[in-house]
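[1] Predicted model and sequence below, questions to follow.
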Amino acid sequence: MATNVLTDRGYRSRYDLFLGLNPYYQRGRFDGDTVTDVAVQIVEKATGKRGVVIVHGGDSTVHVLGAGKPLGNGGDDFSWLWVWRVEPRHARPDLTPVGRELLLLEKPESAGRMVWWDGTKYVWTQHGD
């Protein structure tokens, strides 16, 4: 699904998949509907900056985080990202995310970052110390 959407919309001319971390993709229900969404690690071809692209399964909208596009304190290059996983929404009761799940992005031996859908865009929040 994600590869077809990215190819059909011209994203493949700007980004490559980043396969240097296993798993290179995650599945979750990030946007609040009942359809599974896909998050894939990417690299912007022009700059080599890493990031994540999330494709919403219900409407096939594409959201690029990093890879040349700034997101909160994570900046526009997620080359620090070496651990990631999907967490249930209740992992952060202090947040009011729309989706059922959140994406946790981490640099080893450092604080994690939660990425979550607020109903209109993805938001960055520090997780832990």
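    Received, thanks.

[2] Please name the bridge partners of the spatially most central residue of the chain.
    With the centre of the chain defined as its mean C-alpha position, the nearest residue by C-alpha atoms, centre = their mean is Val52, 4.3 Å away. In this entry, Val52 is beta-bridged to Gln41, Leu65, by DSSP bridges.

[3] For Tyr11, give me phi and psi.
    The phi and psi torsions at Tyr11 (degrees, to the nearest 10) take the values phi -70, psi -30.

[4] ok, it touching Val53?
    Yes: applying C-beta atoms under 8 Å, one finds Tyr11 in contact with Val53, separated by 7.2 Å. Just so you know, the C-beta spots here come from the backbone N, C-alpha and C atoms, and that holds for glycine as well.

[5] Spell out which residues are contacts of both of these two.
    Shared between the contact lists of Tyr11 and Val53 (criterion: C-beta atoms under 8 Å, 6 or more residues apart in numbering) are residues Val62, Val64.

[6] still on that earlier bit, tell me the spacing between the residue nearest to the centre of the chain and Asp94.
    In this structure, Val52 and Asp94 are 23 Å apart, going by C-beta to C-beta, to the nearest Å.

[7] The helix or strand where Arg27 lies: partners in the sheet, and parallel or antiparallel?
    Following DSSP states H and E, the helix or strand that holds Arg27 is strand 25-28. The partner list of strand 25-28 in its sheet, established with DSSP bridges, is strand 37-44 (antiparallel).

[8] And the next helix or strand past the helix or strand bottoming out on mean pLDDT in the chain?
    Per-element confidence for the chain was summarised using mean pLDDT, DSSP states H and E. The lowest value among helices and strands belongs to helix 2-8, with a mean of 59. Moving toward the C-terminus from helix 2-8, the first helix or strand encountered (DSSP H and E) is strand 15-17.

[9] Centre of the chain to that following strand, how far?
    What separates the centre of strand 15-17 from the centre of its chain is 14 Å, taken as C-alpha atoms, centre = their mean, to the nearest Å.

[10] which residues are contacting that strand?
    Counting contacts by C-beta under 8 Å, 6+ apart, the residues touching strand 15-17 from outside are Leu6, Tyr24, Val40, Gln41, Ile42, Val43, Glu44, Lys45, Val53, Val64, Ala67.
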